[in-house]
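Undergrad: Below: sequence and its predicted model.
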Amino acid sequence: MHALEIPLTAELERLAAAGLTRHRQRLDSPCGTRAVVEGRAMLAFASNDYLGLAAHPEIARALADGALTWGAGSGASHLVSGHLRPHAALETRLAAFTGFARCLTFSTGYLANLAVTPTLAAGRDDAIFADRLNHASLIDAAQLSRAGHHRYPHGDMATLERLLAASTAKTKVIVSDAVFSMDGDLAPLPELFALAERFDAWLVIDDAHGFGVLGEEGRGSLAHCGVVSTQTPAHPRILLMGTLGKAAGVGGAFVAGSEIAIEYLSQKARSYIFTTAQPPAVAIALIKSLELLQAGDERRAHLQSLIRQLQAGCADLPWQLLPSQTAIQPLMVGDNEKALALSQSLWERGLWVAAIRPPTVPAGTARLRISLSAAHTHDDVAALIAALQALA
Ligand SMILES: *Cc1c(COP(=O)(O)O)cnc(C)c1O
């Protein structure tokens, strides 16, 4: 072992001793509920492909045709020479769909989040107010800023109100997941908007798990809660981030907002400026995906009926499902090793459900993250319930 590797090995051993080593599973099939994992046929409840679009043949064809027409790469960042007509068309489509004036697209949601909060609240006299359970990319985004970073307990509007009232910051930014990625619950979006109004703050919402799943035609959590509507343009203080690799089934992300806010981000956000634009064929595939997503009421209704079936079937298990009306249905176990053992026992029965442990979730709250998809059948969910009951 090289001397440089000694502290690395010590840390890896510490992770292993705490039951926190993560292992990648190699998927030998396209993303889907019927997955071949390390050569083994599995029923999968482990992806974020909530509408079952990731392997949709029409989207795959759009991607292939898009590559034949527009080539493989964009060749540069958007501001240099990498902004192609498919990117522009996707921006227009997403802005209209979400009810915002304008939007920018990004290669990943991680990059999109890095673009927003630290660009709006950059200086020492600014302040960021964040839910404690926000996604890691939002936490990292806040760390890129010199602004004060105030984290309030999950969903605690009284504490947020107190922090905002006490703040003398020049620019205030409230930032929250809309649907929390490891709990599946919804942020109190109308209350967050009301506080943003009262204290004249920006409201940055990460709708990675609500976009495509919630709201009329899958417009997302803000539409679901009535904070934005198709009748009136969205309020300029709101910035919406949505990812396109989950329900939309492809990859990438967008940030939507007012004309001026989006122009500002396009001029100032380093994670927009200093990165190559995503391949144009991806934008073509996403335009097809949005068409299917928007027409996907049947998929969304089926997903909701699977959620109700799972909740009824898990009612008398020794582990509790967290209250969630989304495709993310976490079964709380608590102990790291126990969560891992339960996931392992399901695996042996041909069911793939990820165990989620710290640091992804707080210590003592290890869980199975059951992820449902409109591609599941009622028989699939019944098989999962039967296995959980047998293991209880
Ligand atoms: C997945 C996720 C992201 C990151 O999106 P990617 O496109 O995967 O980089 C950001 N925020 C939340 C809440 C997420 O779940």
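TA: Alright, I've got the coordinates.

Undergrad: Quick one: the helices in the stretch 101-250 of the chain, in order.
TA: Using DSSP state H, counting those that start in this stretch, the helices found in the stretch 101-250 of the chain span residues 109-120, 136-143, 157-166, 189-198, 221-224.

Undergrad: give the contact list for whichever residue of the chain sits closest to the ligand.
TA: Of all residues in the chain, the one sitting closest to the ligand is residue 109 (2.2 Å; C-beta to the nearest ligand atom). In this view, the C-beta of every residue, glycine as well, is placed from N, C-alpha and C. With contact set as C-beta atoms under 8 Å, 6 or more residues apart in numbering, residue 109 has these partners: 137, 206, 208, 241, 242, 243, 245, 253.

Undergrad: What number of neighbouring residues does the fifth one come out with?
TA: It stands for residue 242. Using other C-beta atoms under 10 Å, residue 242 has 31 neighbouring residues.

Undergrad: just the second one next, same as before
TA: When neighbours are defined as other C-beta under 10 Å, residue 206 has 34 of them.

Undergrad: so it touches residue 177, yeah?
TA: Yes. If you go by C-beta atoms under 8 Å, residue 206 and residue 177 touch, sitting 4.9 Å apart.

Undergrad: Now do the shared contacts for those two.
TA: Here residue 206 and residue 177 have 134, 135, 138 as joint contacts, going by C-beta under 8 Å, 6+ apart.

Undergrad: what's the burial count for the closest residue to the first one other than its chain neighbours?
TA: Using C-beta to C-beta, 6 or more residues apart in numbering and skipping the chain neighbours, the partner closest in space to residue 134 is residue 177 (5.4 Å). Residues lying near residue 177 (other C-beta under 10 Å) number 27.

Undergrad: What of residue 317?
TA: 14.

Undergrad: Torsion angles phi and psi at it?
TA: Note on residue 317: its backbone torsions stand at phi -80, psi 160 [degrees, to the nearest 10].

Undergrad: show me where pLDDT drops low in the stretch 101-250 of the chain?
TA: Applying pLDDT under 70 to the stretch 101-250 of the chain flags no residue at all.

Undergrad: how about stretch 13-23: buried residues?
TA: Buried residues in stretch 13-23, counted by 16 or more other C-beta atoms under 10 Å: residue 19.

Undergrad: Other residues contacting that stretch?
TA: Stretch 13-23 is touched from outside by 12, 336, 337, 340, 357, 358, 359, with contacts defined as C-beta under 8 Å, 6+ apart.

Undergrad: So which of those residues is surrounded by the most neighbours?
TA: With neighbours taken as other C-beta under 10 Å, the top of the contacts of stretch 13-23 is residue 357, carrying 23 neighbours.

Undergrad: follow-up on the earlier one: let me have the shared contacts of residue 206 and residue 177 in a markdown table, adding distance to residue 150 as columns.
TA: Formatted as a markdown table, the shared contacts of residue 206 and residue 177 follow (distance: C-beta to C-beta, whole Å):
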| residue | distance to residue 150 |
| --- | --- |
| 134 | 12 |
| 135 | 17 |
| 138 | 13 |
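
Undergrad: I'd like to know how many residues surround residue 300.
TA: By other C-beta under 10 Å, the residues close to residue 300 number 22.

Undergrad: Which residues of the protein lie near the ligand?
TA: Counting by C-beta under 6 Å from any ligand atom, the residues of the chain lying close to the ligand are 108-110, 113, 135, 137, 177, 181, 206, 208-209, 243, 245, 253.

Undergrad: can you pick the most crowded of those residues?
TA: residue 206 (34 neighbours).

Undergrad: buried set for stretch 268-275?
TA: The neighbour-count check on stretch 268-275 (16+ other C-beta under 10 Å) flags 269, 271, 272, 275 as buried.

Undergrad: what pLDDT does the last one get?
TA: Spelled out, it's residue 275. For residue 275, the model assigns a pLDDT of 98.

Undergrad: ditto for the third one
TA: The pLDDT attached to residue 272 in the predicted structure is 98.

Undergrad: Could you report the separation of residue 372 from residue 213?
TA: 10 Å (C-beta to C-beta, to the nearest Å).

Undergrad: quick one: common contacting residues for those two?
TA: In terms of C-beta under 8 Å, 6+ apart, residue 372 and residue 213 are both contacted by the residues 50, 303, 327.

Undergrad: Correct me if wrong: the first one contacts residue 303.
TA: Yes. In terms of C-beta under 8 Å, residue 50 counts as a neighbour of residue 303; the distance is 6.6 Å.

Undergrad: Who has more neighbours out of these two?
TA: residue 50 (29 against 22).

Undergrad: and that one, which of the three is it?
TA: Judged by DSSP: H, G, I helix; E, B strand; the rest coil, the three-state class of residue 50 is coil.

Undergrad: And for the one 10 residues further on?
TA: The three-state assignment at residue 60 reads helix, by three-state DSSP.

Undergrad: So for the closest residue to residue 25 other than its chain neighbours, what's the pLDDT?
TA: Distances taken as C-beta to C-beta, 6+ apart place residue 37 nearest to residue 25, at 5.1 Å, with adjacent residues excluded. For residue 37, the model assigns a pLDDT of 95.

Undergrad: Could you do the one 10 residues further on as well?
TA: The score at residue 47 is 96. That number is its pLDDT.

Undergrad: re the thing from before, just send the buried residues of stretch 268-275 back as a markdown table, with secondary structure too.
TA: Shown next, in a markdown table, are those (three-state DSSP):
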| residue | secondary structure |
| --- | --- |
| 269 | coil |
| 271 | helix |
| 272 | helix |
| 275 | coil |
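
Undergrad: partners of the nearest residue to residue 204 once chain neighbours are set aside in the sheet?
TA: In space, and not counting its chain neighbours, residue 204 is closest to residue 175: 4.2 Å by C-beta to C-beta, 6+ apart. Beta bridges link residue 175 to residue 130, residue 204 when assigned by DSSP bridges.

Undergrad: so how many other residues sit close to residue 175?
TA: 29.
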